[in-house]
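> just the structure for this:
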Amino acid sequence: MYRPFAGLTSCKGAIILQLQKMIGQDVNHGLTEPNKMNLICCFDEKSRVPRRIKRGAIVSSVLILLVAVCAVALTYTVRSSSTSSSEADKDLPVLKIGVTDNDPYVYIDTTGDYAGIDIDIAREACKRAGIKPQFVDISWNDRDRLLKNGDIDCLWCDYSPNYREDDYCWTEPYLTVTVSVAAKKTSGIKGLASLDGSKTVAVIAGSVSERRLLAGDLEMSSDVHIKSYGSAELCKAALVKGYVDCWMADVQSLDRLVAQYPGVYRVFADNVMTVDLGVAFKDGYEGEYVKNLNTVLFEMDRDGTIERIVGKYKARATTDGQGAES
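Next up, the predicted model:
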């Protein structure tokens with residue numbers, strides 16, 4: 001938040017007083033040096049800055065300083081009014097939430113602000129829990145180091161406790177999502193069972209989808225190539241550019257892909273699996289955040305808030321293009 005300069009009021013008063021003195025000297029006593037005089041401006045009580053300037057520039061200089069004073073005051077007013085809505089929560093404890101671009105869960109909207117399913121759920125949960133959320137954009141590969149160092153408090157970005165239950169301190173699951181696969185309509189791919197050794201599937205590195213594929217416990221040929229990427233956006237880009245033949249992800253992300261490229265992609269009718277999402281704190285965490293978030297997330301599930309938030313982004317995917325085909 002912008003703060004007024006120390007001594008701003010006294011500075012303005014000193015300038016005006018000095019101007020009055022100069023004008024009085026000019027009229028009543030004349031100038032001992034017709035073309036030069038001393039001008040002293042006090043910017044605080046401890047420092048004085050003497051300067052010799054030409055008489056003809058005195059008025060202009062002082063007016064410039066007065067305009068600067070007014071500009072600073074105006075800037076402070078505008079900045080303060082823009083942040084006044086957050087004054088009430090300025091003393092709340094801050095929860096630093098690690099996120100990365102993963103539409104529709106986390107992305108930057110047209111105003112430059114964070115938006116998405118997880119962003120909206122996190123904001124509402126923090127509001128109810130008396131916490132101020134601070135979203136921190138991170139490199140997903142650095143997530144564990146940032147947690148350990150305290151640069152972030154938790155990970156809240158389409159993250160599942162499945163296969164990593166003992167790696168973090170988790171909240172209870174707040175959302176269950178369905179995982180499927182998307183491919184181009186012209187690819188001839190009809191489902192997982194139709195994939196063979198000539199096809200490549202994109203997945204997020206370290207995801208549940210990757211683990212299931214590598215474990216070979218899905219109904220798919222073991223000859224299928226698996227390509228892992230650092231984020232959902234990279235997976236989507238690989239599919240769009242033709243580097244891979246299909247992309248395995250949760251249906252929310254795949255629906256968004258279909259909406260962005262109307263008539264180009266389809267989502268397989270056979271759902272691969274369901275995955276729970278939770279909020280991950282570092283292993284051994286003993287603070288109150290997990291308990292408090294569990295309480296409010298349960299309330300949000302019970303009163304339909306989470307369902308409404310998810311529904312809002314489903315509607316966005318449909319209105320932005322066409323919905324996913326089953």
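
> ends of stretch 180-193, how far apart?
Length of stretch 180-193, first residue to last, CA to CA, to the nearest Å: 13 Å.

> who's in contact with residue 220?
Remark: with contacts taken as CB atoms under 8 Å, 6 or more residues apart in numbering, residue 220 is in contact with 192-193, 195, 213. (Each C-beta comes from the backbone N, C-alpha and C, glycine too.)

> ah, wrong one, I meant residue 96
Taking CB under 8 Å, 6+ apart, we find residue 96 in contact with 134, 136, 151-154.

> for those, which single residue is the most surrounded?
Going through the contacts of residue 96 with other CB atoms under 10 Å as the criterion, the one with the most neighbours is residue 154, at 26 neighbours.

> tell me which helix or strand the residue lying closest to that one once chain neighbours are set aside sits in.
Taking CB to CB, 6 or more residues apart in numbering, and ignoring the residues beside it in sequence, residue 154 has residue 281 as its nearest neighbour in space, at 4.9 Å. Following DSSP states H and E, the helix or strand that holds residue 281 is strand 280-282.

> quick check: which element contains residue 143?
Under DSSP H and E, the secondary-structure element containing residue 143 is helix 143-149.

> give me the mean pLDDT for that helix.
If you average the pLDDT over helix 143-149, you get 96.

> what's the next secondary structure element after that helix?
Scanning forward in sequence from helix 143-149, with DSSP H and E defining helices and strands, the next element found is strand 154-155.

> residue 195 against residue 224, yeah?
Yes - contact criterion CB atoms under 8 Å: residue 195 and residue 224 qualify, at 4.8 Å.

> so what sits against both of the two?
Jointly contacting residue 195 and residue 224 under the rule CB under 8 Å, 6+ apart are residue 201.

> thinking again about what came up before, and the helix holding residue 143, what other elements does it pack with?
Counting by 3 or more CB pairs under 8 Å, 6 or more residues apart in numbering; DSSP states H and E, the packing neighbours recorded for helix 143-149 are strand 94-99, strand 154-155, strand 280-282.

> in JSON lines: the contacts of residue 96, plus distance to residue 276.
Formatted as JSON lines, the entries for the contacts of residue 96 read as follows, by distance: CB to CB, whole Å:
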{"residue": "134", "distance to residue 276": "25"}
{"residue": "136", "distance to residue 276": "23"}
{"residue": "151", "distance to residue 276": "26"}
{"residue": "152", "distance to residue 276": "21"}
{"residue": "153", "distance to residue 276": "21"}
{"residue": "154", "distance to residue 276": "16"}
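
> wait, which of these is closest to residue 123?
Nearest to residue 123 among the contacts of residue 96: residue 134, at 11.1 Å, using CB to CB.

> thinking again about what came up before, quick one, which of the helices and strands packed on helix 143-149 is packed in tightest?
Taking mean count of other CB atoms under 10 Å as the contact definition, the stretch among the helices and strands packed on helix 143-149 with the greatest mean neighbour count is strand 154-155, which reaches a mean of 25.

> that one pairs with which strands?
Each strand pairing with strand 154-155, determined using DSSP bridges, is listed with its direction: strand 94-99 (parallel), strand 280-282 (antiparallel).

> relative to residue 186, which of those is closest?
Each of those was scored for nearness to residue 186 using CB to CB, and the closest is strand 94-99 (34.5 Å).

> average pLDDT across that closest one?
What strand 94-99 shows for mean pLDDT is 98.

> now stretch 106-126
In this model, stretch 106-126 has an average pLDDT of 97.

> from start to finish, how long is that stretch in a straight line?
Rule used - CA to CA; the end-to-end distance of stretch 106-126 is 16 Å.

> residue 195 and residue 224: who's more crowded?
Set side by side, residue 195 and residue 224 give different neighbour counts by other CB under 10 Å, the larger being at residue 195 (21 against 18).

> tell me which element residue 233 is part of?
In this structure, residue 233 is located in helix 232-241 according to DSSP H and E.

> in helices only, show me the contacts of residue 220.
When DSSP state H is applied, the contacts of residue 220 are split such that residue 213 fall in helices.

> just the buried ones among the contacts of residue 220, please.
Burial by neighbour count, 16 or more other CB atoms under 10 Å: within these this picks out 192, 195, 213.

> list just the nearest of the residues you listed to residue 165.
Checking these against residue 165 by CB to CB gives residue 213 as the nearest, at 19.6 Å.

> sorry, back to before: pull the most distant pair out of the contacts of residue 220.
Maximum pairwise distance among these (CB to CB): 14.1 Å, between 193 and 213.

> where in this structure is pLDDT low?
Segments of the chain classed as low confidence (criterion: pLDDT under 70) are 1-89, 317-326.

> got a list of contacts for the longest strand along it?
When every strand of the chain is counted residue by residue (DSSP state E), the longest turns out to be strand 175-184. The set of residues that contact strand 175-184 without belonging to it, under CB under 8 Å, 6+ apart, is 117, 121, 158, 189, 191-192, 201, 208-209, 239, 245-252, 254, 257-258, 264-268, 270-277, 306, 310, 324.

> in stretch 131-146, what's buried?
Using 16+ other CB under 10 Å as the burial criterion, the residues of stretch 131-146 that qualify are 131-133, 135, 138, 140, 143, 146.
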